[in-house]
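1. Got a sequence here, can you build the structure:
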Amino acid sequence: MIYSADEEKQWRFKKLLIAIVVVVVLACIGVASWLGYREIFTAKEEPPAPVTAQKPAVPSPLGVEGRYLFTGTTVWARANEKYARGNFAQPFSQLNTLNREAYDAWSTDFECPITDNVVPYETQVNNLVFNCRPEFLPEASKFFNLYDLANNHTDNQGGQEGIASTRAYMEKAGVQYFGNYDPAITEDICEVVALPIRIQKTDKTQEKGSLPVAFCAWHFFNYFRGPKPEELAVVRQYADIMPVFGFAEMGLEYQATASPDQVKIAHQLMDTGLDFLMANNPHWVQNTEAYNGKLIVYSLGNFIFDQLDTETNRGASIDATITVNYDENLAKWVALGPSCHSFKDDCLTKAQQQSLKKIDIQYRYAVVGSLGGAGKLTRKADAATQSAVEARMNWIETSKALAQ
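-> I've put the predicted structure just below:
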């Protein structure tokens, strides 16, 4: 094909233009490749982005547990004082055989006033008048946190004057106490106690705390009667809002089985709303009962005492374990607990003002036998004594009736 001069000139221009474009494109590609190569081999390594550490989850409460030993009658006067010979730790020196460290608290029926009076051994024996020296209390309180004063010997040193002295010494020792030998003093029947507990947490740790519980106690033995309506009514105001542990001094001495009068009184007390009832006075271990699904022990017998025969030298203690599921209501009770340690505090009023609801406690019980007596140190019972104590208490039947 023959082009004219103008067409030839246009074609050459187009070829030149195409060549220029190709050269520019190739140059751009080359520059870009060189820059990429330089970036790869000359760029500094960037530090990694900081990793934010996750905070561990704060453990939360799952529930509350507590384990307690409720013992029989304790007195370190008379022969126990004589045999101690000034060693105030001596009467308690074998109590660790009962595994004290496994319990959050021990409670005992303390049948003796604590005063500075000097009462000769012969006077205590001949007149059945007790006086417990205060020097024993610091050693005793390494084991006992809670003392029941509602019995027939706490009036032996001046009546209310003697019991006031007892309370003063216990206050100084930092222990809690409840009850009065005179059941007609209705304001002393119940006392809110800061019961030691353990708060179980989601990380399997536990924290110590305290739970308000009403301890209500009566003494009927010296009064030859049962409870009066006004003495029963006291309990209901506590039982409507909080757990109530019951204690009674009743029944004839040295009997193996509770009398019909004991049973009647126990049922009257339980009907006020008690969670359980532990009774004393016979100095022998007696039978037990599951009453409306709740435990009654008619006599725990002696724990630390100075009598001589086999029956009075063996005792039964109740090992009680409690569990409570944690919720907002229980959290409020636990928060209130530390303010309930003082005698005659206003814990009941505070609980009512906060509209707290009664908690649901699950109980599990076991029997722990012991041996003691005049000139003997109280210690854990041997297997034969343990078996005899459980048989006396008809424990297998009662345990089944409690569905445990």
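
2. For residue 363, pull up the helix or strand it's in.
-> Of the helices and strands defined by DSSP states H and E, residue 363 is found in strand 362-371.

3. partners of the helix or strand where residue 279 lies in the sheet?
-> Using DSSP H and E, the element containing residue 279 is strand 276-280. Strands adjacent to strand 276-280 in the sheet, as given by DSSP bridges, are strand 244-249 (parallel), strand 294-297 (parallel).

4. Pipe those into a markdown table and attach mean neighbour count per row.
-> Just so you know, the C-beta spots here come from the backbone N, C-alpha and C atoms, and that holds for glycine as well. Rendered in a markdown table, the data for the strands paired with strand 276-280 read as follows (neighbours: other Cβ atoms under 10 Å):
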| stretch | mean neighbour count |
| --- | --- |
| strand 244-249 | 27 |
| strand 294-297 | 24 |
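
5. related to what we said a few turns ago, list the contacts of the strand holding residue 279.
-> If you take Cβ atoms under 8 Å, 6 or more residues apart in numbering as the criterion, strand 276-280 is touched by 70, 72-73, 109, 111, 151, 245-251, 262, 266, 269-270, 294-301, 318, 320, 363.

6. Same question for stretch 289-299.
-> 72, 251, 257-258, 262-263, 266-267, 270, 274-288, 316, 318, 363, 365, 393, 398, 401-403.

7. So which of those residues are in helices?
-> 262, 263, 266, 267, 270, 398, 401 (DSSP state H).

8. Turn those residues into CSV, including distance to residue 202 and pLDDT.
-> What follows is the ones in helices among the contacts of stretch 289-299, written out as CSV (distance: Cβ to Cβ, whole Å; pLDDT from 0 to 100):
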residue, distance to residue 202, pLDDT
262, 46, 97
263, 45, 98
266, 41, 98
267, 42, 98
270, 37, 98
398, 36, 98
401, 35, 98
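
9. low pLDDT regions in the protein?
-> Residue ranges of the chain with pLDDT under 70: 1-56.

10. Could I get the full set of strands for it?
-> Taking DSSP state E as the criterion, the chain contains strands spanning 61-74, 105-110, 146-148, 176-178, 190-201, 206-219, 244-249, 276-280, 288-291, 294-297, 302-304, 314-325, 362-371, 379-380.

11. Turn the ones you listed into a markdown table, including distance to residue 235.
-> Converted to a markdown table, these look like this (distance: least, Cβ to Cβ, whole Å):
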| stretch | distance to residue 235 |
| --- | --- |
| strand 61-74 | 18 |
| strand 105-110 | 18 |
| strand 146-148 | 15 |
| strand 176-178 | 13 |
| strand 190-201 | 6 |
| strand 206-219 | 5 |
| strand 244-249 | 6 |
| strand 276-280 | 11 |
| strand 288-291 | 15 |
| strand 294-297 | 14 |
| strand 302-304 | 25 |
| strand 314-325 | 19 |
| strand 362-371 | 18 |
| strand 379-380 | 33 |
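
12. Residue 265: how many residues sit nearby?
-> Applying other Cβ atoms under 10 Å, we find 22 residues neighbouring residue 265.

13. Over to residue 335?
-> Using other Cβ under 10 Å, residue 335 is surrounded by 11 other residues.

14. same deal with residue 367?
-> Neighbour count for residue 367, taken as other Cβ under 10 Å: 21.

15. And for the one 5 residues further on?
-> The burial count assigned to residue 372 is 27, neighbours taken as other Cβ under 10 Å.

16. For it, give me its contacts.
-> 302, 303, 304, 305, 313, 314, 315, 378, 379.

17. That one and residue 305: what is the separation?
-> To residue 305, residue 372 is 6 Å away according to Cβ to Cβ, to the nearest Å.

18. what does residue 279 give?
-> Separation of residue 279 from residue 305 (Cβ to Cβ): 16 Å.

19. ok, back up a step: looking at the contacts of residue 372, spot the one nearest residue 336.
-> Closest approach between those and residue 336, by Cβ to Cβ: residue 303, at 31.2 Å.

20. correct me, but the closest one touches residue 75?
-> No: shown here, residue 303 and residue 75 do not form a contact pair, counting by Cβ atoms under 8 Å, at 9.1 Å.

21. out of the strands of the chain, nearest to residue 337?
-> Minimum separation from residue 337 across the strands of the chain (Cβ to Cβ) falls at strand 206-219, 3.5 Å.
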